[in-house]
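Engineer: okay, sequence plus prediction incoming.
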Amino acid sequence: METRELVQPGEHNSLTVDIDGPLLSFDKFRKAQEELATILCEVDQNIAKNQRPSVSWVVSSVSSGSVHLTVKGIPKNDIAVFQVAEVVRAVESGIATLEERPERPPFFSDRALESAKALASLVGKDILMIQVGVNSHKVNLTKHLVANVDELIGANYKSFGSVEGLLKAIDLSRKPLFRIYDLLTNKSVKCYFPSNLIDQIKDALGKRVAVYGLIRSREDGQKVSIQVEEMEVFPSEQELPSIEDIIGILGGED
């Protein structure tokens, strides 16, 4: 169940998209508008719990140089007065969440997720930066958002199990994670872990490990990520007993 808070009318009724780059084509500018409109409409409908949008969105200002496009919400009825700011806040915080981690924000449908991904995917050679936000609170859209949406939409299957491979690439910049690489295919799986495992994970860097927890997989069975609950570190080849040691353990001849 989504959580809703009372928002005063007029508190935040507009959202701004900043687009910066050496060459912004009309097609990409139109694409950015279309994807933003889809996100606003989808979130609006989910907040209102009906199939009809309760808010109309109009362009309140456009400035050149780096393009600054501001859209303002106009309630379609008295009931929707409070909803304008709620939609704006949900979109702003939702995009920030998607940029940080693969977690579905409140009121974001699959279609809204796809549009957020499409908007972030416009960043490249011609468009160096896209920001979305309210006033001075802006969120940069990057490849992290694209990857997080792919993980959310593509990995629809959940199960408890284990992942085994070589532990590499610890990343603490957002939600703490490391990657495990399969020794045969070299494909990686994102491993999200609690803070109490950080020392154990650092010690296991570069070693073969097995982690256990909730796995998200694609339809074809490809594992995408795991929420780590436990980890086992396998001994290195140097730490394994030799044949002579094994014979001795089994009581063989000297």
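Structural biologist: Sure thing, it's come through. Being a predicted model, the structure only gives us computed values, none of them experimental.

Engineer: neighbours of Phe178, how many?
Structural biologist: As a burial measure, Phe178 scores 26 neighbours (other Cβ atoms under 10 Å). From N, CA and C alone the C-beta is placed, and that goes for glycine too.

Engineer: OK, contacts around it?
Structural biologist: Phe178 sits next to 167-171, 191, 193, 201, 205 when contact means Cβ atoms under 8 Å, 6 or more residues apart in numbering.

Engineer: neighbouring strands of the strand of greatest length in the chain in the sheet, and parallel or not?
Structural biologist: Ranked by residue count under DSSP state E, the longest strand found in the chain is strand 157-171. Its sheet considered, strand 157-171 pairs with strand 177-181 (antiparallel), strand 208-217 (antiparallel) by DSSP bridges.

Engineer: and those, which is most packed in?
Structural biologist: strand 177-181 (a mean of 21; mean count of other Cβ atoms under 10 Å).

Engineer: return the distance of the helix or strand where Leu152 lies from the chain's centre.
Structural biologist: Element membership for Leu152 (DSSP states H and E) is helix 143-154. Centroid separation for helix 143-154 versus its chain: 5 Å, with Cα atoms, centre = their mean, to the nearest Å.

Engineer: what separates the longest strand of the chain from the chain centre, distance-wise?
Structural biologist: Here strand 157-171 is found 17 Å from its chain centre; the criterion is Cα atoms, centre = their mean.

Engineer: what sits up against that strand?
Structural biologist: Contact with strand 157-171 is made by 176-183, 188-189, 191, 201-202, 204-219, 223, 226, as judged by Cβ under 8 Å, 6+ apart.
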